[in-house]
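1. sharing a sequence plus its predicted fold:
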Amino acid sequence: MSIQIFTSYFYQVRFMSPHMVPMSTAFSDPKWFRGVHKDKKGVYNGLRAPVFAPGPKCEGLCYGPKNCSHLNASTECPFLSTYRKQLQELNYNDIISRIERLSYYIKDLEKFDEEPIAILLVHEAPNNPCSERQIIQEWFAANNHPITEWTKNCGC
């Protein structure tokens, strides 16, 4: 079993289908996403992938794009460099197993025919270089499971 995984951002949840399983990677979720519940389209909201949330070593390292001297240089950004090191400590097989178990649990619970698609959510839009998205995608690629950005037009 090798599940399809994408990254996206919270805004895109409104365009997802019930077989898509969005999981927050954020330290703090938008209020509307908190607490596990299904939205009006039948998509589960409130699911989390806390191992991808920036950890304590990342605290205080990001000052936002307006105050960033490392904009467009993620290898120099102290926050993203620290976040990259955090993900390097993760056990890929354990993480993929967790994602698959949760996604197939939702499939079994909801009895949809499509294969589930896991979508790891970040706050920032894809055009914002100050985002964990790139580091998450790099981590999956380094583990021979390249992932890309999900959009409502991807045909999934």
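-> Arrived safely. Values in this document were obtained by computation on a predicted structure and should not be read as measured data.
2. what's residue 9 sitting at in phi/psi?
-> Here is the backbone geometry of residue 9 (degrees, to the nearest 10): phi -130, psi 160.
3. residue contacts, the residue most central in space within the chain?
-> Among the residues of the chain, the one closest to the centroid is residue 120, at 2.1 Å (CA atoms, centre = their mean). Residues near residue 120 by CB atoms under 8 Å, 6 or more residues apart in numbering: 5-8, 23, 25, 49, 52, 136, 147. C-beta coordinates here come from the backbone N, C-alpha and C atoms, glycine included.
4. before we move on, what SS does the residue of the chain most remote from its centre have?
-> Within the chain, the residue lying farthest from the chain centre (CA atoms, centre = their mean) is residue 69, at 25.5 Å. At residue 69 the chain is in coil, as set by DSSP: H, G, I helix; E, B strand; the rest coil.
5. list the contacts for it?
-> By CB under 8 Å, 6+ apart, no residues touch residue 69.
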